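>>> I would like the atomic coordinates for the input below:
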Amino acid sequence: MIASNFNIRELLSMADAVDYDSFLCTLEREATETERLSYRPGVTDDRRAGAKSYAKELKDLMFTLRYNARPPGLTHDEFVSLLMMSRSVLDRKDTSQRMAHKNFQPVSAGFSEAGRCRPAGH
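Below is the predicted model of the structure:
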């Protein structure tokens, strides 16, 4: 996991170093690892609850980045806060999509032909 203390801001701080598609893949991997952590035997109840909450935050962030819309169950204020935190990533998404359209090439960095994220290291 990248953010060992379940801090989404820590994860967002690395967003400027990668492109939009790679960042989405990173979010998917982080959410998967976090959810796995919440089901491991021997994990304390506090850690389990923190992992579940963090995984939901990650999924809300992915939804916001993909659709630029408010995820179900999020209040307006929570959504505005999420938009503010992820503004630089959303700006790069717009640029990435404009460049792909201009060059008539799909934006596919970090994705396999099936549209899923590639495992780390591939």
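>>> Grab the most central residue of this protein for me.
Nearest residue to the geometric centre of the chain (CA atoms, centre = their mean): residue 27, 3.1 Å.
>>> Once you drop chain neighbours, what's closest to it?
Setting aside the residues directly before and after it, residue 27 is nearest to residue 62 in space (CB to CB, 6 or more residues apart in numbering), at 5.1 Å. To be clear about C-beta, it is placed using only N, CA and C from the backbone, and glycine gets the same treatment.
>>> out of all of them, which helix in this structure is the longest?
With DSSP state H setting the assignment, residue counts place helix 45-67 as the longest helix in the chain.
>>> Which elements pack onto that helix?
Under the contact criterion of 3 or more CB pairs under 8 Å, 6 or more residues apart in numbering; DSSP states H and E, helix 45-67 touches helix 8-13, helix 20-38, helix 76-85, helix 87-103.
>>> got CSV for those helices, with mean pLDDT and distance to residue 55 too?
CSV is the format used below for the helices and strands packed on helix 45-67 (pLDDT from 0 to 100; distance: least, CB to CB, whole Å):
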stretch, mean pLDDT, distance to residue 55
helix 8-13, 82, 11
helix 20-38, 90, 4
helix 76-85, 87, 15
helix 87-103, 63, 19
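>>> So which of these is the most surrounded?
helix 20-38 (a mean of 18; mean count of other CB atoms under 10 Å).
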